[in-house]
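Chemist: Have a look at this fold, sequence not included:
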Ligand code: TA6
């Protein structure tokens, strides 16, 4: 592991702004500190673990009980779910890529002094054993006063393939009971808590119990109104016509060993997706990009 971290530092380190560290459990993490923001991104899963714009409380939530082990999903941050969202028969939940080590293809500082990391992952024998298609996947993470994530799927094979996917974003909130999500009024959703029954949102989404919904046919940007912390988080998206909203609440939290007791009170997932009936077919030689841009209003 040390040699991976040494290699990353030799190739990509930017003195005082970007360095690579072992997070203590053997996984390399990009540690970013700029005047605009601090952030951490794990090479496993190309998973953003933290983002805090200067002058604000942390925006991205990470469980205190998260497990950092090679090949294990990490509770919190922004797991990349791909090439399927959710359950898929006996296959790993949320796809193949959140537990794999991605390559860092490029690290740069852009004209706006944001740190840009470009991660990549391609198919190999182990992905083809579970999902038999050649692909190239890139996640570009841009860290500044906003956090942008763009996931591009390229079909490098000769047959079309169909995917569902998510930037499964966990947000910090002051108190889930004093939080609402705007932008989904009048939108149909599939309610996982009610066996995927179809329902329609009326007004803002408020939280009084387990909430696990795939909002469909929506390209709308969302806002998290956090009354306890008196702040608004904005989520702008492209390449997505579904949004998932999730909070496990008290009972379901107990079934998640990588969440500490009561942590559901301080988190909320609003996920930029192509999920449920929102499926993307990518023709050979073509690409699709799913993107989310987060900001504090
Ligand atoms: O996005 C919501 C969801 O699919 C929930 O149903 C819940 O299970 C959550 O993701 C977490 O999934 P995970 O596989 O990370 O435990």
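Modeler: Happy to help now that I have it. Just so you know, these numbers come straight off a predicted model, no measurement behind them.

Chemist: Next one: residue 3 relative to the ligand, how far apart?
Modeler: 30 Å (C-beta to the nearest ligand atom, to the nearest Å). In short, each C-beta sits where N, CA and C put it, glycine included.

Chemist: Which of the three states applies to that residue?
Modeler: helix (DSSP: H, G, I helix; E, B strand; the rest coil).

Chemist: Quick check: residues of this protein near the ligand?
Modeler: Applying C-beta under 6 Å from any ligand atom, one finds that the chain approaches the ligand through 73, 86, 93-94, 168, 192, 212, 244, 246, 269, 271.

Chemist: For whatever residue of the stretch 51-200 of the chain ends up closest to the ligand, which non-adjacent residue is closest in space?
Modeler: In the stretch 51-200 of the chain, the residue that lies nearest the ligand is residue 93 (3.9 Å; C-beta to the nearest ligand atom). The shortest distance from residue 93 to any non-neighbouring residue, by C-beta to C-beta, 6 or more residues apart in numbering, is to residue 87 (5.7 Å).

Chemist: what's around that neighbour, how many residues?
Modeler: 10 (other C-beta atoms under 10 Å).

Chemist: Tell me which of the residues of the chain next to the ligand fall in strands.
Modeler: 212, 244, 246, 269, 271 (DSSP state E).

Chemist: got a list of what the last one touches?
Modeler: It stands for residue 271. 166-169, 243-246 (C-beta atoms under 8 Å, 6 or more residues apart in numbering).

Chemist: who's it bridged to?
Modeler: residue 244 (DSSP bridges).

Chemist: Quick check: pLDDT value at it.
Modeler: Looking at residue 271, its pLDDT stands at 98.

Chemist: Roughly how far does it sit from residue 38?
Modeler: Per C-beta to C-beta, to the nearest Å, residue 271 is found 23 Å from residue 38.

Chemist: Of all pairs in the residues of the chain next to the ligand, which one is the farthest apart?
Modeler: 73 and 192 (18.1 Å; C-beta to C-beta).

Chemist: List the contacts of the helix or strand of the chain at the bottom of the mean pLDDT ranking.
Modeler: The least trusted helix or strand in the chain, going by mean pLDDT, DSSP states H and E, turns out to be helix 2-12, with a mean of 93. With contact meaning C-beta under 8 Å, 6+ apart, helix 2-12 is reached by 18-22, 28, 30, 43, 104, 107.

Chemist: Max pairwise distance over these: which two?
Modeler: 22 and 107 (17.6 Å).

Chemist: Give the burial count for the residue of the stretch 51-200 of the chain closest to the ligand, as a bare number.
Modeler: Around residue 93 there are 12 residues (other C-beta under 10 Å).

Chemist: list the contacts for it?
Modeler: Residues in contact with residue 93 (C-beta under 8 Å, 6+ apart) are 73, 86-87.

Chemist: show me the contacts for the residue of the chain positioned farthest from its centre.
Modeler: Largest separation from the mean C-alpha position in the chain: residue 158, at 28.9 Å (C-alpha atoms, centre = their mean). By C-beta under 8 Å, 6+ apart, the contact set of residue 158 is residue 284.

Chemist: Are we agreed that it is in a helix?
Modeler: No. According to three-state DSSP, residue 158 belongs to no helix; its state is coil.

Chemist: Please report phi then psi for residue 173.
Modeler: phi -130, psi 160 (degrees, to the nearest 10).

Chemist: brain fart, residue 127
Modeler: Torsion angles, degrees, to the nearest 10, at residue 127: phi -80, psi -40.

Chemist: isn't it right next to residue 95, touching?
Modeler: No. With contact defined as C-beta atoms under 8 Å, residue 127 does not reach residue 95; the gap is 9.9 Å.

Chemist: between these two, which one's more packed in?
Modeler: residue 95 (25 against 20).
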